[in-house]
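Asker: Got a sequence here, can you build the structure:
(chains A and B)
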2 protein chains.
Amino acid sequence: MKLTILGCHSATPRVNAHPTSQFLEIKNHNFLIDCGEGTQVQLRKYHVKFSKIKHIFISHLHGDHFFGLVGLISTFRLLNRETELHVYGPKGIKEVITLQLKLSNSWTNYPLIFHELTSKKSELIFEDTKVEVHTIPLDHRVYTNGFLFKEKLGERKLNMGPIQEYPEIDVCDYQNLKNGRDYVLENGNVIKNSELTLDPPAPKSYSYCSDTSYFPEIVDVIMNSTCLYHESTFLNDKEDLALKTKHSTALQAAKIAKQANVKQLIIGHYSGRYKNTEDFKTEAKTTFNNTLLADTGKTFDI
Amino acid sequence: MKLTILGCHSATPRVNAHPTSQFLEIKNHNFLIDCGEGTQVQLRKYHVKFSKIKHIFISHLHGDHFFGLVGLISTFRLLNRETELHVYGPKGIKEVITLQLKLSNSWTNYPLIFHELTSKKSELIFEDTKVEVHTIPLDHRVYTNGFLFKEKLGERKLNMGPIQEYPEIDVCDYQNLKNGRDYVLENGNVIKNSELTLDPPAPKSYSYCSDTSYFPEIVDVIMNSTCLYHESTFLNDKEDLALKTKHSTALQAAKIAKQANVKQLIIGHYSGRYKNTEDFKTEAKTTFNNTLLADTGKTFDI
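Answerer: Numbers count the residues shown, from 1 in each chain, chains lettered A, B, ... in the order given. Next up, the predicted model:
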């Protein structure tokens, strides 16, 4: 799993402070998460092929997470895209995008499919053989979801040493073994699957949580995530402001990471008032040591 | 009059190709003309004070002229703007902006006043004591207006030499002279105003025409402009494409400039297919010599 930060700053876009957007590569999927103004230029800057993106997840309809979406959808059209695009986001997202396409007389020439979200409980919104995506209901000033991206448990791995001790096990049997089935020898003896295969690698998961107040209700949903991105708009000196604007501090992000027993925490969505993002890391590390800072253009291997 | 090019490229924003936006300073007014995605960052880059902008003119609702508007309006809100903002643009602009403000629960805390345009004839849309703005109906794929920004004729200039030959002309009389009134001496003799004053400087005008096919119907409206910006998306080798997409070639822009007897032509809105914008100038100069190239960040004194 690979995560590229296209923007990690809050509120208004500035010359070197891009609003939120992330690009997640997971099991041959390429997911775009949030899409602040200018995201399409950031995608070009970091050489992401536009045609790879088939699913876009929008947490909420504040501009710094959303105002770049209509431009990206329009650019896909100008690039003669044909493959379908799925957009997941709060109810209203379809109306506002289609109104703009209508006013500009620029309907997409590719299928544009909206999945509007309204539930306040975590729900499964995407699933295929290898990946699941669940919402993480958050607590912000407007209806907001984070997203949990989970690899599914893969096939069991062939343990070639023991297998080769049974010459009658053929290549054609391998898929049954990977699927967990025992092997029955010609003489009727049963060899347990666990003797012939190894556990698959543990599935990884990535939880994206922005924007939100300190909201421990999410802990059950994100429990044991391999990596958690949690917004930290403020430092703890502005805890009152975080409360008022329904954002989090670095310390609060770290508390959530600790309660959820995640392996790694990435923080971002920095307020423009802070000049030195290292202070966010210092604060978070007092509670959760494996904390990393989001930075524009940075890629994390998860 | 001073014109700053914030972006002059067509279609999709790219790393070094910003979509259309211009900033015009005219008689203490600061007008923003069109607002493609990323315009607010360009304004910051070129140190334009956001609070100066009180009037925004949107030619049409294609993304490369318009998708930055909602972000700029939202940023004004985050900066605690209080002064009113006037937005002039095609019918529909109010609905699409207010829908986004509604969905993000982010109503402006300053008066936001829309002036929706529907007429296919040139009309006066702004006027004060010093400046007029008229629409220039253009021919594009959606309803589109250019804008003609005109200084009004100023007061006459005092001609101090002749004035001082009449000691009874007092400072208190100067305003009447500037207004064009004759002076009546105590002995009843009339001194013609033209003996005491000089003509005011000729008023300047700026015509902004983007996007449009070659459309000579605009010539009457923009006649004798001090400066004309005319889109030239293509070179003449793509005249067929210009016709089809309702854009212009550099040669066509130059023909309009010549027919309208303007003093200066600026061309821009270049298609991304051309690597060398100098070719646009070369082509236009074959028909209209005083042609300049728009370039991002460039300022023109008009």
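
Asker: quick one: what helix or strand has the residue of chain A most remote from its centre in it?
Answerer: Using CA atoms, centre = their mean, the residue of chain A lying farthest from its centre is A:Asn187. It sits 50.2 Å away. Using DSSP states H and E, A:Asn187 sits within no helix or strand.

Asker: Please list the residues of the stretch 201-302 of chain A that sit near chain B.
Answerer: Within the stretch 201-302 of chain A, no position is near chain B by CB under 8 Å from any CB of the partner chain. No exception for glycine: its C-beta is placed from N, CA and C like everyone else's.

Asker: residue contacts, the residue in the stretch 201-302 of chain A that chain B sits nearest to?
Answerer: Nearest to chain B in the stretch 201-302 of chain A, going by CB to the nearest CB, is A:Gly272, at a distance of 9.6 Å. By CB atoms under 8 Å, 6 or more residues apart in numbering or on different chains, the residues touching A:Gly272 are A:His9, A:Ser10, A:Ala11, A:Thr12, A:Arg14, A:Ala17.

Asker: A:Leu235 now?
Answerer: Going by CB under 8 Å, 6+ apart, A:Leu235 touches A:Thr249, A:Ala250, A:Leu251, A:Tyr274, A:Asp279, A:Phe280, A:Glu283.

Asker: Could I get the full set of helices for chain A?
Answerer: Secondary structure of chain A by DSSP state H: the helices cover A:39-45, A:63-66, A:69-78, A:93-103, A:160-164, A:174-178, A:193-196, A:219-222, A:239-245, A:250-259, A:278-285.

Asker: can you list those in TSV and add mean neighbour count and mean pLDDT?
Answerer: Output for the helices of chain A, formatted as TSV (neighbours: other CB atoms under 10 Å in any protein chain shown; pLDDT from 0 to 100):
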stretch	mean neighbour count	mean pLDDT
helix A:39-45	23	98
helix A:63-66	28	97
helix A:69-78	23	97
helix A:93-103	18	97
helix A:160-164	12	96
helix A:174-178	16	96
helix A:193-196	16	96
helix A:219-222	18	98
helix A:239-245	15	98
helix A:250-259	24	98
helix A:278-285	18	98
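
Asker: ok, and what's touching stretch A:35-42?
Answerer: A:6-7, A:13, A:18-21, A:32, A:50, A:56, A:58, A:63-69, A:71-72, A:75, A:296, B:12-15, B:37-38, B:40-41, B:68, B:71.

Asker: can you do 7 Å?
Answerer: Stretch A:35-42 is contacted by residues A:6-7, A:13, A:18-21, A:56, A:58, A:63-69, A:71-72, A:75, B:12-15, B:37-38, B:41, B:71 when judged by CB atoms under 7 Å, 6 or more residues apart in numbering or on different chains.

Asker: Any idea how far apart the tips of it sit?
Answerer: End-to-end distance for stretch A:35-42, by CA to CA, to the nearest Å: 10 Å.

Asker: One more: stretch A:18-38?
Answerer: Stretch A:18-38: ends 7 Å apart by CA to CA.

Asker: same check, this time on stretch A:168-176
Answerer: Per CA to CA, stretch A:168-176 runs 14 Å from first to last residue.

Asker: Any quick ChimeraX command for the buried ones out of the contacts of A:Gly272?
Answerer: Buried subset of the contacts of A:Gly272, written as a ChimeraX selection, criterion 16 or more other CB atoms under 10 Å in any protein chain shown:
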select /A:9,10,11,12,17
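
Asker: Out of the contacts of A:Gly272, which comes closest to A:Leu99?
Answerer: Of all the contacts of A:Gly272, A:Thr12 has the smallest distance to A:Leu99: 23.5 Å, by CB to CB.

Asker: shaky segments in the stretch 201-302 of chain A?
Answerer: The stretch 201-302 of chain A contains no residues with pLDDT under 70.

Asker: thinking again about what came up before, could you export the helices of chain A as TSV, including distance to B:Thr129?
Answerer: Below are the helices of chain A laid out as TSV (distance: least, CB to CB, whole Å):
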stretch	distance to B:Thr129
helix A:39-45	41
helix A:63-66	37
helix A:69-78	39
helix A:93-103	35
helix A:160-164	90
helix A:174-178	83
helix A:193-196	89
helix A:219-222	62
helix A:239-245	43
helix A:250-259	54
helix A:278-285	52
